[in-house]
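S.K.: sequence? don't have it. structure:
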């Protein structure tokens, strides 16, 4: 009797999560698999086959876009880590107890504004008639207004800005758990600042670093809005390619295949990353 | 009593550590106030004090994590004030040990040697050697979380000792251990200190740790050194009332001197007990002065009033046993005196019929020489 009630409450608690996973993740993806394995042989006539995947391999522009998306995402992840680590270190280890909360909140504030608005903020700043360009012409540093938008650097800056918070949060939580005495012991035993960072702080923070990198990489590779708005037609982001297949060309079969390829590609990159750093999903993402 | 030098002609005159007039303020708070001391080579020196007395700040200054507001710290005769912590040959065992969890035992010990660029074969030899000396030759490949509390302790010491430091600082490293292990580690630490023959500076708030292990102990209170001396000196000849109250157990009264006569002081406590003291410490103790009176329980004999006493003790009180605190050889009785206070006295409990029991009428006796008075 007692155990029945326990089981029932467990089922009830678990049900929303199970429904969410089943209806919104597993079911659509199964539909996508089926969809991606259909070849169009004539109008409204489909056959089972790998034609959509073969198309992808045969068309360099497709896999070039995927590789470009992948390498730029890795660059964004790396930059986010490079910028995020000192910020996280400052919040967790250097800032006083009182200012720590305020700093953390400051990092969170951009999240209160939607992605779209933030991207338009960048556009206001960077476009030809935007704030920076007109300021530079006003002070006479440049003769002609400059278009800062629609290039790779802008896309990368925009992406780093969007995702860096997701790097800082897990880093702060791992660094926060590190005993200050460990850093002092590192110095006490004769290490200089660089040795302590390389041999003690970074290895200790590795789970947080990997977890932040996985989240940031996945978000970047799957982002759509920022590359489109800041990169324009030149951005050639893979999600744009998927969007094109679904919406513009109405080729759902090929779009589904591309979606799967993106998922497979990012998963492989994450797996390689985990292998290289000797971490597991269980002690990184699952922990923070 | 802030400046003290340990002058022992039998010891090597060279001092491993010398602190002179160290001050440290955090804003308006004086954490360390005019502390001076010298520690002879190869000795075990403890700094004992209640929490918040500034002992950890003092240790952090020696290690280089804090800079003194004024004063000088010399290691082997050279001032280290401008030397960063990683260049000082002072190693530290942290309160929670701060072993590196991402490295195994070997890596933990080798870390310091790698930092100073020792070559690989030498590191291997030194690490094996130090593990041998702490009697843990087989743990090199273990992870830190696989070690027991006592093993971690020894690895933390080995990690420092492998660097051959001039001074080893230990910041209450036994605090996290359970009682049994703590007792065992006290002896172990003393043996390790003998074996390495390095100067150990041990910080603790636990007086038994300090008294058992140390050659010399400094009692610290509110940022100042109250007294430095051998453990038995501190116990038997405290120089201040704080030391008398902090080291060992004492019965304590506040009172007033009523008469001075031939080196003996008649004192009356606030509650009206009258006793004689032959030991007044501090200047200007004369008739009418306020004093603190201390008598250690082991110097008070309690006997049944009905039995025959020696009768030559200067102080005697009648009372009734309130309770017997049995603790083997350290058993005590709590005696309710005529004015209603409780007085502790050590007793021998043999298990026989003559043992004191609650409700017995007893006479407490102690000598004037064991009654210490301190000027308030």
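M.R.: Arrived safely. Quick caveat, the model's predicted, so the values are computed rather than measured. Residues are numbered from 1 along each chain as shown, chains lettered A, B, ... in the order given.

S.K.: use CA for all of it now, contacts and neighbours both
M.R.: Will do.

S.K.: Go ahead and flag the most central residue of chain A.
M.R.: Note on chain A: the residue nearest the mean C-alpha position is residue A:219, at 2.3 Å, using Cα atoms, centre = their mean.

S.K.: ok, which stretches of the stretch 1-150 of chain B are helices?
M.R.: Secondary structure of the stretch 1-150 of chain B (DSSP state H, counting those that start in this stretch): helices at B:55-63, B:105-115, B:120-133, B:149-161.

S.K.: Repeat that for the stretch 151-300 of chain B.
M.R.: Remark: helices assigned in the stretch 151-300 of chain B by DSSP H, counting those that start in this stretch are B:179-196, B:207-213, B:231-236, B:241-246.

S.K.: As a markdown table, these with mean neighbour count would be great.
M.R.: Converted to a markdown table, the helices of the stretch 151-300 of chain B look like this (neighbours: other Cα atoms under 10 Å in any protein chain shown):
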| stretch | mean neighbour count |
| --- | --- |
| helix B:179-196 | 15 |
| helix B:207-213 | 19 |
| helix B:231-236 | 18 |
| helix B:241-246 | 20 |
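
S.K.: among these, which is nearest residue A:92?
M.R.: Between residue A:92 and the helices of the stretch 151-300 of chain B, the shortest gap by Cα to Cα is with helix B:179-196, which sits at 33.2 Å.

S.K.: Can you list the neighbours in contact with the closest one?
M.R.: Outside helix B:179-196, the residues that touch it by Cα atoms under 8 Å, 6 or more residues apart in numbering or on different chains are B:44, B:134, B:150, B:161, B:174-175, B:199-200, B:209, B:212-214.

S.K.: Quick one: low-confidence residue ranges for the chain.
M.R.: Looking at chain A here, since you left the chain open. Scanning chain A for pLDDT under 70 picks out A:1, A:286-288.

S.K.: oops, I was thinking of chain B
M.R.: Per-residue confidence for chain B (pLDDT under 70) gives these ranges: B:1-13, B:309-311.

S.K.: residues touching the residue of the stretch 101-250 of chain A found nearest chain B, list them.
M.R.: Closest approach between the stretch 101-250 of chain A and chain B, counting by Cα to the nearest Cα: residue A:190, at 4.1 Å. Taking Cα under 8 Å, 6+ apart, we find residue A:190 in contact with B:85-88, B:112, B:115-116.

S.K.: Now it: closest residue in space that isn't a chain neighbour?
M.R.: In this structure, residue A:190 finds its nearest non-sequential neighbour in residue B:86, 4.1 Å apart by Cα to Cα, 6 or more residues apart in numbering or on different chains.

S.K.: give the contact list for that neighbour.
M.R.: Shown in contact with residue B:86 (Cα under 8 Å, 6+ apart): A:187-192.

S.K.: again, only using 10 Å
M.R.: By Cα atoms under 10 Å, 6 or more residues apart in numbering or on different chains, the contact set of residue B:86 is A:184-193, B:63-65, B:112, B:115-116.

S.K.: Name the pair among those residues with the greatest separation in space.
M.R.: B:65 and B:116 (19.4 Å).

S.K.: if we can go back for a sec, may I see the PyMOL selection of the buried members of the contacts of helix B:179-196?
M.R.: A single PyMOL command selects the buried members of these (16 or more other Cα atoms under 10 Å in any protein chain shown):
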select buried, chain B and resi 44+134+150+161+174+199+200+209+213+214
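
S.K.: Let's verify residue A:250: helix, strand, or coil?
M.R.: Under DSSP: H, G, I helix; E, B strand; the rest coil, residue A:250 falls in the coil class.

S.K.: Find the residue closest to it in space, skipping its chain neighbours.
M.R.: residue A:244 (7.8 Å).

S.K.: returning to what we had before: mind putting the contacts of helix B:179-196 in JSON lines, distance to residue A:144 included?
M.R.: Below are those laid out as JSON lines (distance: Cα to Cα, whole Å):
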{"residue": "B:44", "distance to residue A:144": "77"}
{"residue": "B:134", "distance to residue A:144": "75"}
{"residue": "B:150", "distance to residue A:144": "73"}
{"residue": "B:161", "distance to residue A:144": "68"}
{"residue": "B:174", "distance to residue A:144": "72"}
{"residue": "B:175", "distance to residue A:144": "71"}
{"residue": "B:199", "distance to residue A:144": "73"}
{"residue": "B:200", "distance to residue A:144": "72"}
{"residue": "B:209", "distance to residue A:144": "78"}
{"residue": "B:212", "distance to residue A:144": "83"}
{"residue": "B:213", "distance to residue A:144": "80"}
{"residue": "B:214", "distance to residue A:144": "79"}
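
S.K.: Residue B:362 sits in which helix or strand?
M.R.: Using DSSP states H and E, residue B:362 maps to strand B:361-366.

S.K.: That concludes my questions; thank you for your assistance.
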